[in-house]
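> Okay, predicted coordinates and the sequence, questions at the end:
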Amino acid sequence: MAMIVREEGVRGLWKGNMAAEYLYLTYSGIQFLVYQQTRVLLKKTSEISAQTASAATSAPTSQTGPIVAAPLHAVSAFTSSSAVQSWISGANAGIIATASTYPFDLLRTRFAVQRDVKVYTSIVQACRHIYRADGLTGFYRGMSPALIQVVPYMGIMFASYDTLKHLSAWFKHKANVESSQSEAKQKEGAKNISQVLLGLEDLICGGLSGIISKTSVYPLDMVRKRLQIHGSEQQKVTLNIYSPSLSTATKEFNPSNNKLPTTVWRCIVHIARTEGYLALYKGLLPGLVKAAPSSAVTFLVFSQAGTFVEKYLRPLQRQD
């Protein structure tokens, strides 16, 4: 941060912020909408599978009932797990949200890596430049690793958040049981727990889930960002900043057509070969510094918004 401020000024810390704001606004809306709808669908799938299996088993004239019921019971048991629902719903939400908003992600990265030589001066100009240079596909450069990354990333994030929430509920229940030995302790314990964990629980669980998921898939995130800045003049201007080894990889990797590694696997192999395996985790610490509070606030707002809807808006809908 000190180097950025020294070389580019304080405004350098907010490069690409406008594209990032568009990205977060649309991404979060799509993500949580799809997440909730997928969870509802999985719950219905579990219930229907259980009912169908019970009906097939209890049919007196059916000889194939047990055979049909076995896989249905398995589906019901699998989809009824809260952690499984969170993982599948999170992964599905991540795929749809990423595919829908990926151009904003690419623009954010391209703006962030600019330094003295400005290839992009505004979002509109950047869109025109990318379209003229690379066509529509230019807006989706590096999306393959993004989609590969987002499945485990969002799945792990939502599943770990759900698991941490269950652990928190278990600890609260245990504390309440232990404090019930005396009436005074019970009141004091319940009061203290409710005050401390009112919003702190969502913040802690959300922050930890962000750290767990970010660390788990960071190499794919690194590859995604490096592939995003491959392209036309911007590649020549910024590649040396973001990846010293890839800045000279043109001649090393393919001297005949001057192309950099363009697939996920080739990029991973090249980074590991030229910079070492630890290079796949370059920038992890600032990534975690960003991911932890971002996830904490996101899940806090999501939880509180859900509470607000259930408490105030649902009753109004029932009255109508």
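Structure received. Numbers count the residues shown, from 1 in each chain.
> mind listing the helices in this protein by residue range?
Secondary structure of the chain (DSSP state H): helices at 2-8, 17-58, 65-80, 82-112, 123-134, 143-179, 183-228, 232-242, 244-247, 249-253, 264-275, 284-308, 314-319.
> got these as TSV, with mean pLDDT and mean neighbour count columns?
(Each C-beta comes from the backbone N, C-alpha and C, glycine too.) Shown next, in TSV, are the helices of the chain (pLDDT from 0 to 100; neighbours: other CB atoms under 10 Å):
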stretch	mean pLDDT	mean neighbour count
helix 2-8	71	10
helix 17-58	84	16
helix 65-80	74	16
helix 82-112	90	21
helix 123-134	89	15
helix 143-179	84	18
helix 183-228	75	18
helix 232-242	45	17
helix 244-247	44	17
helix 249-253	41	15
helix 264-275	85	17
helix 284-308	88	16
helix 314-319	63	8
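> pretty sure R108 contacts L23?
Yes - R108 is in contact with L23 according to CB atoms under 8 Å; the separation is 5.8 Å.
> Apart from its neighbours in sequence, what residue is nearest G94?
In this structure, G94 finds its nearest non-sequential neighbour in M154, 3.1 Å apart by CB to CB, 6 or more residues apart in numbering.
> The one you found contacts A91, correct?
Yes - M154 is in contact with A91 according to CB under 8 Å; the separation is 5.5 Å.
> Phi first, then psi, for S122.
phi -160, psi 170 (degrees, to the nearest 10).
> Number of residues surrounding it?
10 (other CB atoms under 10 Å).
> Please shift the residue numbers so they start at 51 in all later answers.
I'll keep to 51 as the first residue from here, and by that count the last item is S172.
> Just want the most central residue of the chain.
M204 (4.0 Å; CA atoms, centre = their mean).
> contacting residues for the nearest residue to T88 once chain neighbours are set aside?
Excluding its sequence neighbours, the residue lying closest to T88 (CB to CB, 6+ apart) is S139, at 3.9 Å. Contacts for S139 (CB atoms under 8 Å, 6 or more residues apart in numbering) come out as V84, Y85, Q86, T88, R89, L92, F208.
> what's the distance between S139 and L92?
From S139 across to L92, the span is 7 Å (CB to CB, to the nearest Å).
> So what's the residue count around the residue nearest to A176 when sequence neighbours are not counted?
Nearest residue to A176, sequence neighbours excluded (CB to CB, 6+ apart): Y170, at 3.8 Å. Y170 is flanked by 20 other residues according to other CB under 10 Å.
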